[in-house]
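> Based on what follows, work out the 3D shape:
(chains A and B)
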Amino acid sequence: MANHDHTLDSHDAHAHGEGMGVKRIWQVFGILLAITAVEFLVALGFVHHWHIVVKGPALYAFYVVLTLIKAYYIVAFFMHLKFEKKSFIICCSIVFIFIIYFIVLMLIEGGYLLNHLQEHPVYPNK
Amino acid sequence: MDSLSKLDEVKTTPWSGGREPWSIEYGKVMMWFFLVSDAFTFSSFLIYYGAQKFAQPTWIDADKIFQSIPGIADHGQPLVFVGIMTFILIMSSVTMVLAVEAGHRNSKKEVVKWMIWTILGGMAFVGCQALEWTHLHHIGFWFGTNPATGLTDPAAISAALQPYFTHDISYTAALQFSNLFFTITGFHGFHVTVGIILNIIILCMVLNNTFEKRGSYLMIEKVGLYWHFVDLVWVFVFTFFYLI
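Residues are numbered from 1 along each chain as shown, chains lettered A, B, ... in the order given. Take a look at the predicted model:
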């Protein structure tokens, strides 16, 4: 009985609904849309059509940063994580340190393999 | 002798028992834990994609392989169709949040409205993904196959793959790209499909007044978390396959 009450009343009324009203939701959508629009402006315009920006590590870093910003807005606001208890936020996000480690590890590994492995011949492009 | 023994004291600290430690309902915590684990699975797929790309001397040029708009243009239009797909999925995420918000106000009618839009958005996305798959299959890419599969003459292999490379041409790179593209987007599309099914089930429950009787639309939040996760994964998949 006590647990059942917890399920019902402690989650809807209190702080949960606050912070993500209809106006806020459309604001966050606007931010996500704007960031995506910038990504497309750079990718289609600057890189593909007008050749102002060249594909390279700087451009890729730019894309990754924008992607991470979008990820933050989705997780923090749409998934409501920003409004949960701090220890829960830590619980869910600290684990991604392992992912970052794994990314760095595998990319370095890939680079190593590039220098030491080639199975099929590579053909010149004209 | 006089005061309560330690065992009889009423404890109210977060981890003292008898209550949810984070004031989050059990099912919601479990959904979060599942999503974190699923994030690891998708991360490992995408990291493998990165490792392969770094290990190959050359790679497929995304702008050359993804340049069609189904029904409108066969080539020459990179990034347009995937842009539409991304927009659809983000929109469906917004409608999902709006459904959750309507649930907080116990407004059944609005919950139904926004859930329907979310489901339609999800179906549109999967439909678009199917079109993308069909187009790639049509030009010769599939699980374990690329346009040069079955050819033996180096000049023929080179010619078959040349339209999709900007730098040197590699059969292995084309094969890896093909396998990884279909596997990762397939895995993601599978998640979207499951999400659509879950949303339809929950919509039926809403229409049957299950949550009205329960007094809470918390379930909308839980499937909402899953749906946002699916959108989140797409943001990363889109970046790594189409932009980088």
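> Would you confirm that residue B:231 contacts residue B:93?
Yes - in this structure, residue B:231 is within contact of residue B:93 by CB atoms under 8 Å, at 4.3 Å. Any C-beta I mention is one placed from the backbone N, CA and C, and that applies to glycine too.
> Now the common contact residues for the two.
Common contacts of residue B:231 and residue B:93 (CB atoms under 8 Å, 6 or more residues apart in numbering or on different chains): A:74, A:78.
> remind me, longest helix of the chain?
No chain was given, so I picked chain A. helix A:96-116 (DSSP state H).
> try chain B instead
helix B:171-207.
> count of residues packed around residue B:114?
24 (other CB atoms under 10 Å in any protein chain shown).
> so what's it closest to, chain neighbours aside?
Spatial nearest neighbour of residue B:114, chain neighbours left out: residue B:99 (3.6 Å); criterion: CB to CB, 6 or more residues apart in numbering or on different chains.
> before we move on, the earlier item: what comes into contact with the longest helix of chain A?
Outside helix A:96-116, the residues within contact range by CB under 8 Å, 6+ apart are B:39-40, B:43-44, B:47-48, B:50-57.
> For residue B:146, see how far away the residue of chain A found nearest chain B is.
Nearest to chain B in chain A, going by CB to the nearest CB, is residue A:110, at a distance of 2.9 Å. Separation of residue A:110 from residue B:146 (CB to CB, to the nearest Å): 20 Å.
> neighbour count winner among these two?
A count of neighbours by other CB under 10 Å puts residue B:146 above the other of residue A:110 and residue B:146, at 26 against 18.
> quick one, phi psi at that one?
Residue B:146 adopts backbone torsions of phi -140, psi 170, taken as degrees, to the nearest 10.
> now do the one 4 residues further on
Backbone dihedrals for residue B:150, given as degrees, to the nearest 10, come out at phi 100, psi -20.
> Quick check, pLDDT for the closest residue to chain A within chain B.
Chain A sits closest to residue B:54 of chain B, with a gap of 2.9 Å, by CB to the nearest CB. As predicted, residue B:54 sits at a pLDDT of 90.
> ok, now which ones touch it?
Contacts of residue B:54 (CB under 8 Å, 6+ apart): A:106-107, A:109-111, A:113-114.
> what ranges do the helices span in chain A?
According to DSSP H, the helices that chain A contains are A:2-12, A:22-40, A:57-73, A:86-93, A:96-116.
> Just put these in JSON lines and tack on mean pLDDT.
Below are these laid out as JSON lines (pLDDT from 0 to 100):
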{"stretch": "helix A:2-12", "mean pLDDT": "43"}
{"stretch": "helix A:22-40", "mean pLDDT": "95"}
{"stretch": "helix A:57-73", "mean pLDDT": "94"}
{"stretch": "helix A:86-93", "mean pLDDT": "93"}
{"stretch": "helix A:96-116", "mean pLDDT": "91"}
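> ok, now how distant is the residue nearest to residue A:54 when sequence neighbours are not counted from residue B:46?
Nearest residue to residue A:54, sequence neighbours excluded (CB to CB, 6+ apart): residue A:47, at 7.6 Å. Distance of residue A:47 to residue B:46, computed by CB to CB: 22 Å.
> Neighbours of the closest residue to residue A:81 other than its chain neighbours, how many?
Excluding the flanking residues, the one nearest residue A:81 by CB to CB, 6+ apart is residue A:75, at 5.2 Å. The number of residues packed near residue A:75 is 21, by other CB under 10 Å.
> same check, this time on residue A:54
Residue A:54 has 9 nearby residues by other CB under 10 Å.
> confidence score at it?
Residue A:54 is given a pLDDT of 91.
> Would you map the strands across chain B?
Here chain B has its strands, by DSSP state E, at B:169-170.
> Show me where it dips below the pLDDT cut-off.
Across chain B, the ranges flagged by pLDDT under 70 are B:1-4.
> Name the nearest of the contacts of residue B:54 relative to residue B:32.
Distances from residue B:32 to those, taken as CB to CB, are shortest for residue A:106 (26.0 Å).
> and residue B:242, how many neighbours?
21.
> residues of stretch B:191-209 that come out buried?
B:191-193, B:195-196, B:198-199, B:202-203, B:206 (16 or more other CB atoms under 10 Å in any protein chain shown).
> Using CSV, write out every CA atom in it.
Only the C-alpha atoms of stretch B:191-209 are listed here, as CSV (Å, rounded to 0.1, in the frame of the first residue of the first chain):
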residue,chain,number,x,y,z
HIS,B,191,14.7,-0.2,-32.3
VAL,B,192,12.5,2.4,-33.9
THR,B,193,10.0,-0.3,-35.0
VAL,B,194,9.9,-1.8,-31.4
GLY,B,195,9.3,1.8,-30.2
ILE,B,196,6.4,2.2,-32.6
ILE,B,197,4.8,-1.0,-31.4
LEU,B,198,5.2,0.0,-27.8
ASN,B,199,3.7,3.4,-28.6
ILE,B,200,0.7,1.8,-30.3
ILE,B,201,0.2,-0.5,-27.3
ILE,B,202,0.4,2.4,-24.9
LEU,B,203,-2.0,4.5,-27.1
CYS,B,204,-4.5,1.6,-26.9
MET,B,205,-4.1,1.6,-23.2
VAL,B,206,-4.7,5.3,-23.0
LEU,B,207,-7.9,5.0,-25.2
ASN,B,208,-9.1,2.2,-22.9
ASN,B,209,-8.8,4.6,-19.9
